[in-house]
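S.K.: Generate coordinates for the sequence data below:
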Amino acid sequence: MRVLMLRRDELTASFIIEGISAAMANTFRRIILAEVPTMAIDDVIIYENSSALHDEILALRLGLIPIKTDLKFYNPPEKCDCKSDLGCPKCRVIFTLDVEAKKGVRTVYSGDLIPDDPKIVPVSDKIPIVKLATGQRIRLEAYAKIGRGKDHAKWQPVSACTYRYKPMIKIDESRCDACGKCVEYCPKKVLAKEDNRIVIAREMDCVLCNDCIRVCKVKPPPITVSWDPNVFIFYIESVGSLPVDTIVFEALKIYEEKFMEFMDLVERVL
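M.R.: Down below sits the predicted model:
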């Protein structure tokens, strides 16, 4: 297996993995979506809510706010010694919200949530929660804990996690008349016309649509579009709860744990 990084920042990464099957690529994707843990609000105690939103909708909106997560300090509830429904300082963070619109309409934002741990905050303080009319008020406590996407989408660490085959394009220049139709019709501008010849300008952007082949006047077309069944291009976009590097490494660690557990079960049977 070989990994080639294409581009990366704190929230997004694009890379190539060589030497794996489609089944392994999909397993990696599903682990990222369903198994990598993050923190999200799960329990809400509402003391006062005179806004236009029902309590249940307000709690749902709070739960869907991405929260920065520290996996080293906080335990998943099922592994914490407290065994409490609302958790303890080792497995949960308490957010308080107390906002009143005294004069005119006021929008309540995620930045109005005050955590008891200053490191665990919403990824953005500009996420709107609800608008309050004059005299309306919201007062509540929200309990955030670590969970996994397989239980609820609010615990998914990514907004996008995709993979595709690495495209392979070949042009037989001895038969190509360089008419340029393929360049014109390619939706991703993979091909370009240079010095009265067709060249491959952006092979990695090809989406395997075969439009270039369909519009070619030469029969059979001098362009062939295929893919390598053992090479995949991954794109991952974090919601901000975890850096994209942490998401990838956590997924690999979970993958290894599942593999070792499976091998242990096989050995017991044999």
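S.K.: Walk me through the domains of this structure.
M.R.: For the chain, the structural domains run 2-34+160-170+204-216+223-235, 39-153, going by automatic domain parsing.
S.K.: would you turn those into a markdown table with mean neighbour count, mean pLDDT and distance to Arg268?
M.R.: Heads up, the C-betas are built off the backbone N, CA and C, glycines and all. Below are the domains of the chain laid out as a markdown table (neighbours: other Cβ atoms under 10 Å; pLDDT from 0 to 100; distance: least, Cβ to Cβ, whole Å):
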| stretch | mean neighbour count | mean pLDDT | distance to Arg268 |
| --- | --- | --- | --- |
| domain 2-34+160-170+204-216+223-235 | 15 | 93 | 22 |
| domain 39-153 | 16 | 95 | 24 |
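S.K.: Redo those as TSV? Include distance to Thr246.
M.R.: Below are these laid out as TSV (distance: least, Cβ to Cβ, whole Å):
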stretch	distance to Thr246
domain 2-34+160-170+204-216+223-235	10
domain 39-153	7
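S.K.: Strands of the stretch 51-200 of the chain, start to end?
M.R.: Using DSSP state E, counting those that start in this stretch, the strands of the stretch 51-200 of the chain run over 92-100, 106-109, 114-115, 128-132, 137-147, 158-171, 191-194, 197-200.
S.K.: Dump these to TSV, plus distance to Arg214.
M.R.: Compiled in TSV, these are given as follows (distance: least, Cβ to Cβ, whole Å):
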stretch	distance to Arg214
strand 92-100	55
strand 106-109	50
strand 114-115	56
strand 128-132	46
strand 137-147	47
strand 158-171	15
strand 191-194	14
strand 197-200	15
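S.K.: what about the residue nearest to Gly147 when sequence neighbours are not counted, neighbour count?
M.R.: Spatial nearest neighbour of Gly147, excluding adjacent residues (Cβ to Cβ, 6 or more residues apart in numbering): Trp155 at 4.0 Å. For Trp155, the neighbour count with other Cβ atoms under 10 Å is 24.
S.K.: Quick check: Trp155 touching Gly149?
M.R.: Yes: if you go by Cβ atoms under 8 Å, Trp155 and Gly149 touch, sitting 5.1 Å apart.
S.K.: which SS state does the spatially closest residue to Ile31 that is not a sequence neighbour fall under?
M.R.: In space, not counting the residues next to it along the chain, Ile31 is nearest to Ala251; the distance is 4.7 Å by Cβ to Cβ, 6+ apart. Assigned by DSSP: H, G, I helix; E, B strand; the rest coil, the conformation of Ala251 is helix.
S.K.: measure Ala251 to Phe28 for me?
M.R.: The gap separating Ala251 from Phe28 is 6 Å, by Cβ to Cβ, to the nearest Å.
S.K.: Equivalent analysis for Lys170, please.
M.R.: Distance of Lys170 to Phe28, given as Cβ to Cβ: 29 Å.
S.K.: Give me the most central residue, the protein.
M.R.: Val158 (1.7 Å; Cα atoms, centre = their mean).
S.K.: Tyr235 contacts Ser14, correct?
M.R.: Yes: assessed by Cβ under 8 Å, Tyr235 is found in contact with Ser14 at 4.9 Å.
S.K.: The longest strand seen in the chain pairs with which strands, parallel or anti?
M.R.: Determined from DSSP state E, the single longest strand within the chain is strand 223-238. Strand 223-238 pairs in its sheet with strand 12-18 (antiparallel), strand 158-171 (antiparallel), by DSSP bridges.
S.K.: Run through who's touching the next helix-or-strand element following the first one.
M.R.: Okay, so that is strand 12-18. Downstream of strand 12-18, the next assigned helix or strand under DSSP states H and E is helix 22-34. Under the criterion Cβ atoms under 8 Å, 6 or more residues apart in numbering, residues 17, 148-150, 156-158, 161-163, 229, 232, 234, 236, 247-248, 251-252, 254-255, 258 lie in contact with helix 22-34.
S.K.: just the angle between the helix or strand that helix 22-34 is followed by and strand 158-171, please?
M.R.: Next in sequence after helix 22-34, counting helices and strands by DSSP H and E, comes strand 38-49. Orientation check (axes from the mean of the first three to the mean of the last three Cα atoms, to 10 degrees): strand 38-49 against strand 158-171 gives 140 degrees.
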